[in-house]
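Engineer: Structure for this input, please:
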Amino acid sequence: MEWRIWADSSPVDPDRCFDLAGDLQQALEGEPAALGPVAGAELPKLNAVFLVEAGSLLEASQIGNNIFASALKAATNGQAVPLAITAEPEGYEDQRQPSLLGASDVAKVLKVTRQRVYQLLVSPGFPSAVVELDRGKLWSRADIETWMATRRRGNGRPPGKLPPDH
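Structural biologist: Just a heads-up that it's a prediction; the model follows:
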């Protein structure tokens, strides 16, 4: 069974938070058990959302924690640890949630910043807005969640390999 994992880190250096979020994304993409990872930052913490295969909530939480802890260690050189892990069965939907999302809502669903949402807009396969209003674009929640769940690893840097400036 697939489980959606939401993870938050202990605080990191706010001046490096967004750079570390990029490093965390690369580290998560190097974790084969993390399906469709998306990393982000909410000052001063890093966060991520991804899918895992597990037979129970406890197993999903443990797998999610291990993946996030390993990726955090690689991205922050051990300076951050998991602070919170949340898991729920993939496909679970709260009927109270709106079906159309603005950029801020997309950021909340993906657990990234609005800035990261605008960066993702140019990513291949990112869903197109279904409505364009004077105040901004709206996306289908289902399209965003499907994109998040089906996003696969890219050609990122190999795990554990940091660029020379880190």
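Engineer: which stretch of helix or strand covers the spatially most central residue of the chain?
Structural biologist: With distances taken as C-alpha atoms, centre = their mean, residue 38 lies nearest the centre of the chain, 2.6 Å away. Counting by DSSP states H and E, the element that carries residue 38 is strand 35-42.
Engineer: residues in contact with that strand?
Structural biologist: 2, 8, 17-18, 20-22, 24-25, 28-29, 31, 46-53, 71, 107, 110-113, 116, 148-152 (C-beta atoms under 8 Å, 6 or more residues apart in numbering). All C-beta atoms are positioned from the backbone trio N, CA, C, and that covers glycine.
Engineer: The residue nearest to the centre of the chain pairs with what?
Structural biologist: Under DSSP bridges, the beta-bridge partners of residue 38 are residue 49.
Engineer: Now do stretch 35-51: distance to the chain's middle.
Structural biologist: Per C-alpha atoms, centre = their mean, to the nearest Å, the displacement of stretch 35-51 from the mean C-alpha position of its chain is 3 Å.
Engineer: What's the end-to-end length of that stretch?
Structural biologist: 5 Å (C-alpha to C-alpha, to the nearest Å).
Engineer: Just the angle for the helix ranked longest in the chain relative to strand 35-42, thanks.
Structural biologist: In the chain, assigned by DSSP state H, the helix with the most residues is helix 57-76. Put simply, helix 57-76 runs at 60 degrees to strand 35-42, going by axes from the mean of the first three to the mean of the last three C-alpha atoms, to 10 degrees.
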